[in-house]
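Asks: this one's structure only:
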């Protein structure tokens, strides 16, 4: 699937596309409905379907001090959009220039002029342009003057509430993996490169594949039953992971530390996915290493049962 920046020339083959427009962080059930509507519309008219997303997230641009909150990386979204049937992912590189662009110019100059979109699908609550001055009504009104038809998709509910990225983040912060998985239609998954740690896990008999959380949201600190996937080979793994600052050791150091069952090999420098399936317990400080090892053994046994 083609990946483009909004600063690049759009290939002729993608002109006249139907564009699904949104942040799509998490690509949850509601986002999936928007993209599905765009793909179906494109297929009905024999046009390409393009999913347009923003990176960095506008919130990160305007408030760089806020704690990490992303649910997906750009690489993960690229794969998810491809699986949803899109022909291309278009990334709006969110910078000062884009932030200062009026909603009318965004529709006229970018969506119509630069991309050559024939249609745009977005969520009913989506806003865009300087000062968030654009909405579905602006998209329809301005779009009608430059050959763009606009369609809006209403909110999707689950469990009596609207599905949203904020709701998923709240679930993860509470350690509620079941709710996050249901709303995302897959477990929350961190992708990162395995880095060297201080080898504490190896000394305890539980060697871990340490991953920096980067810009991902921090779920509730504690122990999780997880699955893993080695990106280069597709190898599937099961394990237990500690997410937190390791209170039994000094100095505190935030890491995601999955221990994969029955795995022998070297993952250093490899890119892996770590999917959060079940929250087992909060982080705890132990009086000695024997107590810690006993708890780790119990955690792994519980994780094995839950993942069986």
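Replies: On my side now, so go ahead. Note that this is a predicted model, so its numbers are computed, not measured. Numbers count the residues shown, from 1 in each chain.

Asks: please make it C-alpha for all contacts and neighbour counts, starting now.
Replies: Noted.

Asks: now do the strands in this structure.
Replies: 2-5, 18-21, 49-55, 88-93, 119-123, 149-153, 157-158, 161-162, 189-195, 210-211, 222-230, 236-244, 255-260, 271-282 (DSSP state E).

Asks: what number of residues lie near the residue nearest to residue 77 when sequence neighbours are not counted?
Replies: Nearest non-adjacent residue to residue 77, counting by CA to CA, 6 or more residues apart in numbering: residue 27, 7.3 Å away. When neighbours are defined as other CA atoms under 10 Å, residue 27 has 24 of them.

Asks: what's residue 27 in contact with, if anything?
Replies: Residues near residue 27 by CA atoms under 8 Å, 6 or more residues apart in numbering: 72, 77, 80, 184.

Asks: same thing with residue 232?
Replies: Taking CA under 8 Å, 6+ apart, we find residue 232 in contact with 270-271.

Asks: so which of the strands of the chain is the most surrounded?
Replies: The densest packing among the strands of the chain, expressed as mean neighbour count by mean count of other CA atoms under 10 Å, is seen in strand 18-21 with a mean of 29.

Asks: which other helices and strands does it contact?
Replies: Based on contacts counted as 3 or more CA pairs under 8 Å, 6 or more residues apart in numbering; DSSP states H and E, the elements that strand 18-21 packs against are helix 29-45, strand 49-55, strand 119-123.

Asks: who wins for proximity to residue 244 among these?
Replies: Between residue 244 and these, the tightest spacing by CA to CA is seen for strand 49-55, at 26.5 Å.

Asks: who does that closest one pair up with?
Replies: Strand 49-55 has the following strand partners under DSSP bridges: strand 18-21 (parallel), strand 88-93 (parallel).

Asks: same list (the ones you listed) but as a markdown table, adding distance to residue 59 and mean pLDDT.
Replies: Conversion of the strands paired with strand 49-55 to a markdown table gives the following (distance: least, CA to CA, whole Å; pLDDT from 0 to 100):
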| stretch | distance to residue 59 | mean pLDDT |
| --- | --- | --- |
| strand 18-21 | 17 | 98 |
| strand 88-93 | 13 | 97 |
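
Asks: export these to CSV and tack on distance to residue 207?
Replies: Putting those into CSV (distance: least, CA to CA, whole Å) gives the following:
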stretch, distance to residue 207
strand 18-21, 43
strand 88-93, 38
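
Asks: which stretch among those comes nearest residue 123?
Replies: strand 18-21 (8.1 Å).

Asks: helices and strands of the chain: which one bottoms out on pLDDT?
Replies: Least confident element among the helices and strands of the chain, by mean pLDDT, DSSP states H and E: helix 200-204 (a mean of 59).

Asks: so which of the contacts of residue 27 is the closest to residue 116?
Replies: Closest to residue 116, out of all of those and judged by CA to CA, is residue 77, at 22.7 Å.

Asks: biggest helix in the protein, by residue count?
Replies: Of all segments of type helix in the chain, defined using DSSP state H, the longest is helix 289-307.
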